[in-house]
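Enquirer: coordinates only, no sequence provided:
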């Protein structure tokens, strides 16, 4: 029962946000979608200890796959999500066969490079993707044939929140499973995992594939809710900001990913509307503050405060 | 034969020979120790047995089957396990989770995505019995990094034992353990299952003489002699080796 | 024939630029094992300061460039002390994050001060036009770039092979623990190396402004380019950086001439292949 409490809290926040910001639903939907992306990154960085800066490759491919599927095959949203997730998983599996053999700076560079190659490819294949103009003409059917997407974005928001719930619940189960325990083992000591007979390389590819599916679903949601896919889905900033949000919230426990995303995007939004030219200052200082002052993220704050209070006593 | 058989094992890095024609057997129930001065090639030898290094020539047989081509993970499944010289545990995980991982792996369950990792009946029973065997029951839910070093060495041994090996290699089990906690280690080794084949690699001679029934002496990558503790203690060459080294 | 010559001259010039900007990054990353994504910021600062000095102050090119490089060197020392010191001991992830933050602040600072538009650096008359070699002509600017690059390489070679500082630097890169045991002040070496690397990056930014135009987002746009040179060359290896910069520079230029429709794909595929085969880079230690 205790494990359901955070979900109840999540639902409460989602409902309150829906009624408190009725005219910002498009932004809220973006936050929810980004949360799913950052969750996929937490599975890699936080749980398994795979440091990557290439989440955009998986996210972007999910977006293009879902967009193309909707335009050319079937505009059903749920089917589109599955297609996006599958596309992300396939890209992750294939690239993972090479990527997961490397570590450290090499891995960071290779993941960045894979995303850049995809962006360049999407740009060149403009007959398919629309190139620099983006892929337009996406009109989604109603969700489950019932709920029509509306221009205020109510359906889109509720739909995205439901997907977020399902993804979070699935990832919670996975992390608590024997597979999840083996991932945490790999984070602590890959050498020891090999010594107890775990095929570490295969596990890393498996979790990368799973993260690819989740990131692909996030991309698909983005394509469906904005009805547009542009080359910017493959931007380095997508990967870098996802990493910033994750570290800001705190790694390894999923809730940190959600909190970090909400806080970062809120600060970003407010800063950009207050000063559209110099918001990057605020983001930059926010990032430095996280690294130097709260290295364990917002999720570790209560414990750190408790310890400081304890020391005062 | 049953057990481990090492026949004419050689390993060279370029021109440097680090293992020279090594022959060792390890049968069920054996309690052997491998000793030798620093740089004698003890680590190289373990790495060859466990599959971290590939031999230049020679054979490694387990129950008569050549396992020289198997990977590290495959050899673990075949029944060869070793503890780490420098404690190598899953520091942020609890003692129980540290034991669960090898137990789940042995049963081939770590690929499972659905059930909770602490709900496998057979595994949980074995976790508890290992905890009590190594007297760790009180600290089962503590992260390993908060344990005393001697206790971490016990977790190390319990984890390796959880793989149900038939050949157990203990790589300096007492390394870094304060002498006050060293009897704990000797006691744990004495409590190992009787049919297990155990090879202890150790510097601490008191421990070696307490637990080993036969001792193999390795010098410059080759076996100098093998015998009972009494024979080894009486061997002038071994005494020269240790005393001579310490006298400069 | 002419095409091959063009590819080689442009490729070598581009490689020299990449080398000047990246070499300091490689050495500092090899020395302190710190992942630094903000290094391109020093190249941008060099270019931006030169632009400002020339356009707003009316100072000629050469003194502007020298002043800009000196300013970057002077600025890099306190930056290293205040911002970089605390992250040396941290993991890779906080380092990535912190240096992304530093990059953002550099971008914001420059666009606040000089705006987000392109910052051209007009070349002095002697560097304009082209030189007739008899059998063909070459753009003078390229020749300057190559000559300056060769001087930098010669200087670095002299510094690392012939001076006490260089011997200590190599010792500190190869055996950091041993070096500090021998009483070598590694933190001082790092400060100096960091400043030197920043200065070279500024030089590269100024000389390369024709190929890699200067604007506020420069450090983000070319971040991957410079890091690729470092990763492909191998951390801490000056020779490796040079080989990687030349190879990638020529390859990228050739691809742009021959297959302009494929843009930077060749560059990244080459990097993926090289790092896939040699994860530690061409001359890096495993």
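Expert: Perfect, thanks for sending it. Since the structure is predicted, the reported quantities are computational estimates derived from the model, not experimental observations.

Enquirer: just the element for residue B:33, please.
Expert: Applying DSSP states H and E as the criterion places residue B:33 in strand B:31-35.

Enquirer: now do residue C:120
Expert: Using DSSP H and E, residue C:120 falls outside every helix and strand.

Enquirer: residues in contact with it?
Expert: Residue C:120 makes contact with C:51, C:209, C:213-214, according to CB atoms under 8 Å, 6 or more residues apart in numbering or on different chains. Heads up, the C-betas are built off the backbone N, CA and C, glycines and all.

Enquirer: repeat that for 10 Å
Expert: Residues near residue C:120 by CB atoms under 10 Å, 6 or more residues apart in numbering or on different chains: C:47, C:51, C:54-55, C:209-210, C:213-215.

Enquirer: and for residue C:245?
Expert: Shown in contact with residue C:245 (CB under 10 Å, 6+ apart): C:12, C:14-23, C:26, C:149, C:204, C:226, C:228-230, C:232-233.

Enquirer: find the residue closest to the residue most central in space within chain A in space, skipping its chain neighbours.
Expert: With distances taken as CA atoms, centre = their mean, the residue of chain A nearest its centroid is residue A:37 (0.8 Å). Distances taken as CB to CB, 6 or more residues apart in numbering or on different chains place residue A:218 nearest to residue A:37, at 4.1 Å, with adjacent residues excluded.

Enquirer: check which residues of whichever helix in chain A runs longest are buried.
Expert: Criterion DSSP state H: the longest helix present in chain A is helix A:200-226. Buried residues in helix A:200-226, counted by 16 or more other CB atoms under 10 Å in any protein chain shown: A:200, A:203-226.

Enquirer: close to chain C, is the following helix or strand past it?
Expert: Next along the chain after helix A:200-226, taking DSSP H and E as the criterion, comes helix A:236-249. Yes: Helix A:236-249 is in contact with chain C by CB under 10 Å from any CB of the partner chain, via A:236-237, A:240-241, A:243-244, A:246-248.

Enquirer: quick one, grab the pLDDT at residue 264.
Expert: The chain I'm using is chain A. As predicted, residue A:264 sits at a pLDDT of 94.

Enquirer: actually chain C
Expert: 81.

Enquirer: tell me where chain B has strands.
Expert: In chain B, the strands defined using DSSP state E lie at B:4-13, B:16-26, B:31-35, B:57-62, B:65-66, B:80-82, B:167-171, B:197-201, B:214-219, B:222-227.

Enquirer: for residue A:15, give its distance to residue A:152.
Expert: 16 Å (CB to CB, to the nearest Å).

Enquirer: tell me who's in contact with the closest residue to residue B:233 other than its chain neighbours.
Expert: Distances taken as CB to CB, 6+ apart put residue B:209 closest to residue B:233, at 7.5 Å, once the chain neighbours are dropped. Residues in contact with residue B:209 (CB under 10 Å, 6+ apart) are B:33, B:215, B:229-230, B:232-233.

Enquirer: adding pLDDT, write the residues you listed out as JSON lines.
Expert: Shown next, in JSON lines, are the contacts of residue B:209 (pLDDT from 0 to 100):
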{"residue": "B:33", "pLDDT": "93"}
{"residue": "B:215", "pLDDT": "93"}
{"residue": "B:229", "pLDDT": "90"}
{"residue": "B:230", "pLDDT": "90"}
{"residue": "B:232", "pLDDT": "90"}
{"residue": "B:233", "pLDDT": "87"}
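
Enquirer: so residue A:202 versus residue A:96, what's the distance?
Expert: Plainly put, residue A:202 is 10 Å away from residue A:96 if you go by CB to CB.
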